[in-house]
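Asker: task: produce atomic coordinates for the following.
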Amino acid sequence: MHMGDSTTYYHGTKADLAIGALIEPGRASNYGKRAPAKFVYLSATLDAAIWGAELAVGEGRGHVYIVEPTGPIEDDPNLTDKRFPGNPTKSYRSAHPFRVVGEIIGWEGHPPERLAEMRAHLEKLRQAGVEAIEE
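Answerer: Got it, this is the predicted structure:
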């Protein structure tokens, strides 16, 4: 559905990846109970990818990569159906790997207080037993 378009897609993570690396489903999820993910996630907005980089589980600094889907992508139902109808965050997922084609250097993180609010919000969801939906 989005193949071959000129959209730039981003993926935020704590993983340190080389250009040309594939980001594949099946690695432990960044969120929730860390079950193996069936999908990999990407966004066409830098802001959403920055949140991904900042909130990902793991040590070290976050990375924001420019990625290229290798197969079809679909709207991320966790964001589109629930919180943001119409997908304004331009968040997508795919069962196919993404290829890393570049890295954004020098991106601006969110202010510490916004980050703390978002972490508290995610923790509250976790305690309420709300997991990111995989299906």
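Asker: going forward, measure contacts and count neighbours with C-alpha atoms only.
Answerer: Fine.
Asker: ok now the host helix or strand of Gly102, how far from the chain's centre?
Answerer: Here Gly102 sits within strand 98-104, counting by DSSP states H and E. Remark: strand 98-104 is offset 13 Å from the chain centroid, using Cα atoms, centre = their mean, to the nearest Å.
Asker: can I get whichever helix or strand comes after that strand in CSV, CA atoms only?
Answerer: Following strand 98-104 in sequence order, the next helix or strand is helix 112-127 (DSSP H and E). What follows is helix 112-127, C-alpha atoms only, in CSV (Å, rounded to 0.1, in the frame of the first residue of the first chain):
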residue,chain,number,x,y,z
PRO,A,112,12.7,15.5,30.9
GLU,A,113,9.3,16.4,32.4
ARG,A,114,7.4,15.3,29.2
LEU,A,115,9.5,12.1,29.3
ALA,A,116,8.7,11.5,32.9
GLU,A,117,4.9,12.0,32.2
MET,A,118,5.0,9.6,29.3
ARG,A,119,6.9,6.9,31.3
ALA,A,120,4.4,7.3,34.2
HIS,A,121,1.5,7.0,31.7
LEU,A,122,3.0,3.8,30.3
GLU,A,123,3.6,2.4,33.8
LYS,A,124,0.0,3.1,34.7
LEU,A,125,-1.2,1.2,31.7
ARG,A,126,1.1,-1.7,32.5
GLN,A,127,-0.2,-1.8,36.1
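Asker: in helix 112-127, which residues are buried?
Answerer: Neighbour-count burial for helix 112-127, counted by 16 or more other Cα atoms under 10 Å, picks out Leu122.
Asker: which strands and helices lie in contact with that helix?
Answerer: For helix 112-127, there is no helix or strand it packs on, judged by 3 or more Cα pairs under 8 Å, 6 or more residues apart in numbering; DSSP states H and E.
Asker: Ala18 and Glu117: what is the separation?
Answerer: 32 Å (Cα to Cα, to the nearest Å).
Asker: before we move on, what about Glu24?
Answerer: Glu24 is 30 Å from Glu117, by Cα to Cα.
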